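Trainee: Sequence below, structure please.
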Amino acid sequence: MAYYPPALPDPLAGSTFETAEHRLTSEGDIAPRSRVLNPNHRQTLQLSWTLTEHQFRIFEAWHRWRLHDGVSRFDIAWCGRAGRARFIAPVQASLNGSSWSLSSEAEIDYAVSAVY
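Mentor: Below is the predicted model:
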């Protein structure tokens, strides 16, 4: 399993959390019933980084070779929480003077790390 490189700073993250995901609602005798099909709700994060040239090269190599161009999942420990993440959008990068600005979207599964 790939892991987030310790040489890189943690991303700035804005998150959303949807609790209605993976629920099935059916009509009951008295009132509608809801069943949870998958209790493992995932969190979606908007990620952004500001990296130096050296950090950008590390990120680029990690993303390409360890994550197979962003397809594979990877272990994280961001904001004091461990979990497993995967990119769900392409990483966008732009050079601003001497630093790189990167942004992407990721899906974080915090429950998986408790199992393994």
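
Trainee: The longest strand seen in the chain pairs with which strands?
Mentor: Longest strand of the chain, by residue count under DSSP state E: strand 99-109. For strand 99-109, the paired strands and their directions (DSSP bridges) read strand 43-51 (antiparallel), strand 81-87 (antiparallel), strand 92-96 (antiparallel).

Trainee: can you count the residues close to G83?
Mentor: Look at G83: counted by other C-beta atoms under 10 Å, it has 21 neighbours. C-beta: built from backbone N, CA, C; applies to glycine.

Trainee: was I right about S104 contacting F59?
Mentor: No: in this structure, S104 is not within contact of F59 by C-beta atoms under 8 Å, at 10.6 Å.

Trainee: ok, back up a step: with only the CA atoms kept, save the longest strand of the chain in CSV.
Mentor: Only the C-alpha atoms of strand 99-109 are listed here, as CSV (Å, rounded to 0.1, in the frame of the first residue of the first chain):
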residue,chain,number,x,y,z
SER,A,99,6.3,27.8,-6.1
TRP,A,100,3.8,25.3,-7.5
SER,A,101,0.1,25.5,-6.7
LEU,A,102,-1.7,22.1,-6.9
SER,A,103,-5.4,21.3,-6.4
SER,A,104,-7.4,18.1,-6.5
GLU,A,105,-10.3,16.3,-4.9
ALA,A,106,-9.9,13.1,-2.8
GLU,A,107,-12.2,10.6,-1.1
ILE,A,108,-11.1,9.7,2.4
ASP,A,109,-12.1,6.5,4.2
